[in-house]
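Q: What would the 3D arrangement of this be:
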Amino acid sequence: MSLTPPPSAWWTLYQVLIKGTNFSHLPAPTADLRNKNIIITGGNSGIGREAALQLARYGANITLGCRSTIPSHEEHPSATVLACRAAAQESGHLHSTITWLSIDLSSFTSVSTFASTWLASNKPIHLLLNNAGVPKKAGVTLTTPDGFELLHQVNFLSHALLTLLLLPSLATAPAPRIIFTTSCLHYIPPSPTPRPPTPTNPISPTPSQNSTSKLSSPPCNVASPPTRNSHTSPRKASIPVSSGVESGTRRETSELKETRNPLLPPPPLLKNPTSPIC
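A: Predicted structure coming up:
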């Protein structure tokens, strides 16, 4: 029998909607990103698309990592590329390179292919924005061809792999950055704490446990080694890492009704995690 009473609905709403939320308008900083190479996963929708448009206005060279098969509610990456090019040209940046490469984060093979394609270009990476993610579908358990629960692999495992594979290119940039889009759901991690997933021990072996997978991905992105300052690059350089960009609660909040008592203290929210890349 648990000694901790279950959280009330008001407590859950406070944790998700109020705590760590900044309701003020924060103006975007200005920066000259000409000749800076930026990779954004999931850059054709949501936060990723808006980030791509803003960075294009600063003159950055942008590569969007997106799925080849696009859901009906998402913009095709080629359309996002055109929008980013238009934004760059309107800001006077006529020579920016903006393109997209196919990547399926539900496949480690696809992630490796994406990384190999980029490494073959011999270009440095000044900013890697690990942004792509998928929401949980209530009552549905999906497993990737690699044997992992879909949401956990797409939202966490594949981004960790991508980051590690791209470290050689990150290390060649003079001041690289790695940023992870997380979620305020990391304030209410599930109980019991999920075991590390393996092919023989998937994170969600049953539909009921699948409800915790969305909640376990944000804490992993906040606390895991790939999201800490990296010292594993070839030149032994320190690469600043931010896991402080939160995606908000949006439509995924309906799954909070299935959460359990939190066991971990909420980590501090990073309001302004990094300075402009310059």
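Q: What segments of the stretch 101-250 of the chain are helices?
A: 108-120, 150-152, 158-165, 167-171, 207-210, 213-223 (DSSP state H, counting those that start in this stretch).
Q: need the contact list for the closest residue to L94 other than its chain neighbours.
A: Of all residues not flanking L94 in the chain, A88 sits nearest, at 7.7 Å (C-beta to C-beta, 6 or more residues apart in numbering). No exception for glycine: its C-beta is placed from N, CA and C like everyone else's. By C-beta atoms under 8 Å, 6 or more residues apart in numbering, A88 lies in contact with A56, R57, G59, L94, S96, I98.
Q: Secondary structure, neighbour count and distance to T41 added to the residues you listed, as TSV?
A: Putting the contacts of A88 into TSV (DSSP: H, G, I helix; E, B strand; the rest coil; neighbours: other C-beta atoms under 10 Å; distance: C-beta to C-beta, whole Å) gives the following:
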residue	secondary structure	neighbour count	distance to T41
A56	helix	27	16
R57	helix	21	20
G59	coil	20	21
L94	coil	9	27
S96	coil	23	19
I98	strand	24	15
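Q: Those residues: which two are farthest apart?
A: R57 and L94 (12.9 Å; C-beta to C-beta).
Q: okay, and for the stretch 1-150 of the chain, where does confidence drop off?
A: For the stretch 1-150 of the chain, the stretches with pLDDT under 70 are 1-7, 11-26, 138.
Q: Just the buried positions in stretch 120-135, please.
A: K123, P124, I125, H126, L127, L128, L129, N130, N131, A132, G133, V134 (16 or more other C-beta atoms under 10 Å).
Q: taking these one by one, which sit in strands?
A: Those of those mapping onto strands are L127, L128, L129, N130, per DSSP state E.
Q: closest to I39 among those?
A: L128 (5.2 Å).
Q: Work out for me the element A52 sits within.
A: Element membership of A52 [criterion: DSSP states H and E] is helix 46-57.
Q: Adjacent strands (with direction) for the helix or strand just after that helix?
A: Following helix 46-57 in sequence order, the next helix or strand is strand 61-66 (DSSP H and E). Under the criterion DSSP bridges, strand 61-66 sits next to strand 37-41 (parallel), strand 98-102 (parallel) in its sheet.
Q: Can you name the residues in contact with the first one?
A: Under the criterion C-beta under 8 Å, 6+ apart, residues 48, 51-52, 55, 60-66, 103, 105, 118, 123-132, 159, 162, 166, 173 lie in contact with strand 37-41.
Q: hmm, 6 Å instead?
A: Contact with strand 37-41 is made by 48, 52, 55, 60-65, 123, 125-132, as judged by C-beta atoms under 6 Å, 6 or more residues apart in numbering.
Q: what's the angle from it to helix 108-120?
A: Interaxial angle, strand 37-41 versus helix 108-120 (axes from the mean of the first three to the mean of the last three C-alpha atoms, to 10 degrees): 170 degrees.
Q: And A86, how far from T144?
A: 36 Å (C-beta to C-beta, to the nearest Å).
Q: Switch the contacts of A88 over to a markdown table, and while doing so, append distance to G139 to every line.
A: Formatted as a markdown table, these follow (distance: C-beta to C-beta, whole Å):
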| residue | distance to G139 |
| --- | --- |
| A56 | 39 |
| R57 | 42 |
| G59 | 46 |
| L94 | 51 |
| S96 | 44 |
| I98 | 39 |
